[in-house]
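**Student:** A structural model of the following input is requested.
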Amino acid sequence: MQDMYPAANVDVPLRQLPELWVGHPDNTANDILLRQMGGTAPVQQYLDSLGLQGIQIRDSEASMHDDERRQYRNTGEPATFVKLLCMLAENSLLTHGNTKYLLSIMSSSPSFPNRICGLLPAGTIVAYKTGTAGYNNNMAAATNDVALITLPTGGA
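**Tutor:** Numbering: from 1, shown residues only. I've put the predicted structure just below:
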């Protein structure tokens, strides 16, 4: 959003925020969504209620920019992300319409050839969410990818 609206003088429809956050990844959209949901605590409570305690959301993007050490408090165990993605694929995480919407956004995200999509065969459908921390001395503090992958043969 900062690139699209550098003057920050626009109203963005709430429905567009997931597209900006998931599809492009946009930290400003992420923080607006977090504020709309009441902050990190209610999001964490929701994750915990789903049995996803292996994902910890403690700080917003703005908070992490204020103190880069805070980024290490937001963590996720690979097995918990697999569980989350299975719940999404099985349509047990969101309503059917919202699941379809989220997977559509995730599947149309820009491709990064040096990440998950890079070595997959042509025709593979990748519904994914990327995340990259800021760079310091040409090194990112974190590079994250999580994805539902459907091979051209239809297998997942």
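**Student:** just give me the neighbour total for Leu94.
**Tutor:** Leu94 has 14 neighbours, counted by other CB atoms under 10 Å. Backbone N, C-alpha and C define where each C-beta goes, glycine included.
**Student:** which other helices and strands does the lowest-mean-pLDDT helix or strand in the chain contact?
**Tutor:** For the chain, counting by mean pLDDT, DSSP states H and E, helix 16-23 ranks last in confidence among helices and strands (a mean of 71). The helices and strands touching helix 16-23, judged by 3 or more CB pairs under 8 Å, 6 or more residues apart in numbering; DSSP states H and E, are helix 27-36, helix 96-107.
**Student:** what about that helix, distance to the chain center?
**Tutor:** Taking the mean of its C-alpha atoms, helix 16-23 sits 9 Å from the chain's own mean (CA atoms, centre = their mean, to the nearest Å).
**Student:** dump the residue contacts of the residue nearest the centre of the chain.
**Tutor:** Geometric centre of the chain, nearest residue: Lys129, 4.4 Å, by CA atoms, centre = their mean. Residues in contact with Lys129 (CB atoms under 8 Å, 6 or more residues apart in numbering) are Val22, Pro25, Met106, Ser109, Asp145, Val146, Ala147.
**Student:** direction included, what does the helix or strand where it lies pair up with?
**Tutor:** Take DSSP states H and E as the rule and Lys129 turns out to sit in strand 125-132. With DSSP bridges as the test, strand 125-132 is paired with strand 143-150 (antiparallel).
**Student:** the least confident helix or strand of the chain vs helix 27-36, what angle?
**Tutor:** Here helix 16-23 runs at an angle of 130 degrees relative to helix 27-36 (axes from the mean of the first three to the mean of the last three CA atoms, to 10 degrees).
**Student:** what's helix 16-23 in contact with?
**Tutor:** 1, 12, 26, 28-30, 32-33, 36, 101-102, 105-106, 108-110, 129.
**Student:** 6 Å instead, please
**Tutor:** Helix 16-23 is contacted from outside by Met1, Asp26, Ala29, Asn30, Ile32, Leu33, Ile105, Met106, Ser109, Lys129, using CB atoms under 6 Å, 6 or more residues apart in numbering.
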